[in-house]
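Novice: Sequence and computational prediction follow.
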Amino acid sequence: MLHGAHGSATRKAMEILVALGAIYGARRMLPVTSVQIAGVSYDNLGQAGLEFLSALAAGGGRTRVLATLNPAGMDIENWAALGIDERFAADQERVIAAFAQMGVVTTCTCTPYLVGNLPRFGEHIAWAESSAVCYANAVLGARTNREGGPSALAAALTGRTPEYGYHLDENRQPELTVRVRARLAENSDFGALGQVIGEQLQMEGARVPYIEGVEQASLENLKSFCASIATYGGVALFHMPGITPEAALLSPPQKTVVVNQEDVDRASASLNNATSAEVDFVSLGCPHLSIGEIARLAALLAGQRVTKEFWITTARPTRQIADRMGYTQIIEASGARLVADTCCVVAPIRGRFRALATDSAKACYYAAAKNHCRTMLRPFDEVVLEALK
Ligand code: F3S
């Protein structure tokens, strides 16, 4: 591949991986079974990114393993309803076409594990998208580094990744025990907990926590937690006894920190700086919603009318199940939008809204940092009430 026997795109991809391997001291390349590619929204890629992708596609780049895509900057089938302008839509469609030409499955979701890209325990994979990386390593027990868009695409085109970081046992050992003494029920609680632990790890200079005291966590709670701890602490892997698969094979480190209810409440309060009167944008679906969450939303919105712009974001296949079940019709009859392929962070909405209400700590972070919005973090049902006020 490196010598060009498989074409110029494959050679370029292998050059990227060899350079990465040299930087990180990898001894060899590993075969991967699954790839998740980020860097899909034209809002993030710009013209340079589009040209890079088009050149790889024109150079004969073809995926060698299952590769799926992160959210794009718009709903691919219904972008006009989101107020996306035509030029942006045309460039975004070129990005998606370049990926499709290379054989990347254009799922456009940050929860590929809900729509058929579901690696098993111990599999070596190459995923970008920090929340999905954390979910893959911690919850599924697969092995991936936090890939960037180009390195994930390079892994897809070669079926290889350099062996370093979280592919190796020694880097998956916990370095700090975190003892949680807080009530955790809602996604917003898990998001606030992710913020506390993420920031604590940064202060301690630790990367992999062993988290005790979390007795129950649903799939949805875990995807929220993964998104938050990855955002606030750059965390790619954690262990939770009784919940994540590798925890049983490991011992808690002696060095311990305690997280109390007050810590979680303080984190939550730090993300609540908007009043109801200021909120003009409501969004659920960061990370993308499961079909269970959409069913819950349909029940909450049945016969109601929203008063604010309300985006409910999910993967296209999940949306199709919602269509079949009649959930989409109920949700859209309320005035809310059930949106596929994108989210409130990667869509080009800077300057359109003043304040966001959401149940996602990650969405709060980016609403403030990227879109200069004030934020309101609330439990799922209360976010819906906010949209109805
Ligand atoms: Fe997914 Fe967008 Fe949140 S990519 S994790 S919904 S910021």
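Specialist: Happy to help now that I have it.

Novice: where's the residue in the stretch 101-250 of the chain that the ligand sits nearest to relative to K223, distance?
Specialist: Nearest residue of the stretch 101-250 of the chain to the ligand, counting by Cβ to the nearest ligand atom: C110, 3.1 Å away. Every residue, glycine included, has its C-beta placed from N, CA and C. Per Cβ to Cβ, to the nearest Å, C110 is found 9 Å from K223.

Novice: mind checking how far the residue of the stretch 101-250 of the chain closest to the ligand is from Y232?
Specialist: Applying Cβ to Cβ to C110 and Y232 gives a distance of 17 Å.

Novice: between the two, who's got more neighbours?
Specialist: C110 (31 against 23; other Cβ atoms under 10 Å).

Novice: which SS state does that one fall under?
Specialist: coil (DSSP: H, G, I helix; E, B strand; the rest coil).

Novice: That one against C343, yeah?
Specialist: Yes - with contact defined as Cβ atoms under 8 Å, C110 and C343 form a contacting pair (7.2 Å).

Novice: what touches both of the two?
Specialist: Between them, C110 and C343 share these contacting residues under Cβ atoms under 8 Å, 6 or more residues apart in numbering: 71, 288.

Novice: Give me the common contacts of C110 and K223.
Specialist: 131, 287.

Novice: Please identify the residues of the stretch 251-389 of the chain in proximity to the ligand?
Specialist: Within the stretch 251-389 of the chain, the positions adjacent to the ligand are 286-288, 313, 343, 345-346, 362-363, 366 by Cβ under 6 Å from any ligand atom.

Novice: Which ones among those lie within strands?
Specialist: If you go by DSSP state E, those have 286-288, 313 in strands.

Novice: among the residues you listed, which two are most distant?
Specialist: P287 and T313 (9.0 Å; Cβ to Cβ).

Novice: Next to the ligand, which bits of the stretch 101-250 of the chain? Give me the list.
Specialist: So far as Cβ under 6 Å from any ligand atom goes, the stretch 101-250 of the chain lies against the ligand at 110, 131, 227.

Novice: Who are the packing partners of the helix or strand encompassing the last one?
Specialist: A227 belongs to helix 219-233 when elements are defined using DSSP states H and E. In terms of contact count using 3 or more Cβ pairs under 8 Å, 6 or more residues apart in numbering; DSSP states H and E, helix 219-233 is assigned the packing partners helix 130-134, helix 187-204, strand 281-289, helix 361-369.

Novice: Report the rounded mean pLDDT for the helix or strand following the last one.
Specialist: Pointing back at helix 361-369 there. Downstream of helix 361-369, the first helix or strand assigned by DSSP H and E is strand 374-377. The pLDDT scores in strand 374-377 average 98.

Novice: Given strand 374-377, what are its sheet partners and their directions?
Specialist: In the sheet, strand 374-377 lines up against strand 355-358 (parallel) (DSSP bridges).
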